[in-house]
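Engineer: A structural model of the following input is requested.
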Amino acid sequence: MSTETAEPGHGHSPAAWTSVTIMLIAFSIGTVAFFFDVQWLVWASAGLLVVGLIVGWLLARAGYGVGGAKSAPSTH
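Structural biologist: Okay, the predicted model is just below:
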């Protein structure tokens, strides 16, 4: 029985970091806009949330995801 397991990556990639950063900013803007009752900005931030998801997917497809050709392997 082998004690070594394959690490799934846990999102340590440029695609994951970029996607999560965009979505975190969108969520923060949306929360403040909801508090101040600015409906158009709430919906705009919801759109930005979807953009973050698409950007992460596109970057992963371009090779910047975990195990991608353009992504440096984790050294820990």
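
Engineer: only C-alpha atoms from now on, for both contacts and neighbour counts.
Structural biologist: Will do.

Engineer: who touches the residue nearest in space to the middle of the chain in this structure?
Structural biologist: The residue lying closest to the centre of the chain (Cα atoms, centre = their mean) is Ser19, at 2.3 Å. Counting by Cα atoms under 8 Å, 6 or more residues apart in numbering, Ser19 touches Gly52, Leu53, Val55, Gly56.

Engineer: that one: what secondary structure?
Structural biologist: On the three-state scheme (DSSP: H, G, I helix; E, B strand; the rest coil), Ser19 is labelled helix.

Engineer: hang on, the earlier thing: among the contacts of Ser19, which are located in helices?
Structural biologist: Gly52, Leu53, Val55, Gly56 (DSSP state H).

Engineer: not counting its neighbours along the chain, what's nearest the third one?
Structural biologist: The reference is to Val55. Nearest non-adjacent residue to Val55, counting by Cα to Cα, 6 or more residues apart in numbering: Ser19, 6.2 Å away.

Engineer: how much space separates that neighbour from Phe36?
Structural biologist: Computed with Cα to Cα, to the nearest Å, the distance linking Ser19 and Phe36 is 26 Å.

Engineer: same question for Phe27.
Structural biologist: On the measure of Cα to Cα, Phe27 and Phe36 end up 14 Å apart.

Engineer: same check, this time on Gly67
Structural biologist: 42 Å.

Engineer: also Leu48?
Structural biologist: Leu48 sits 18 Å away from Phe36, going by Cα to Cα.
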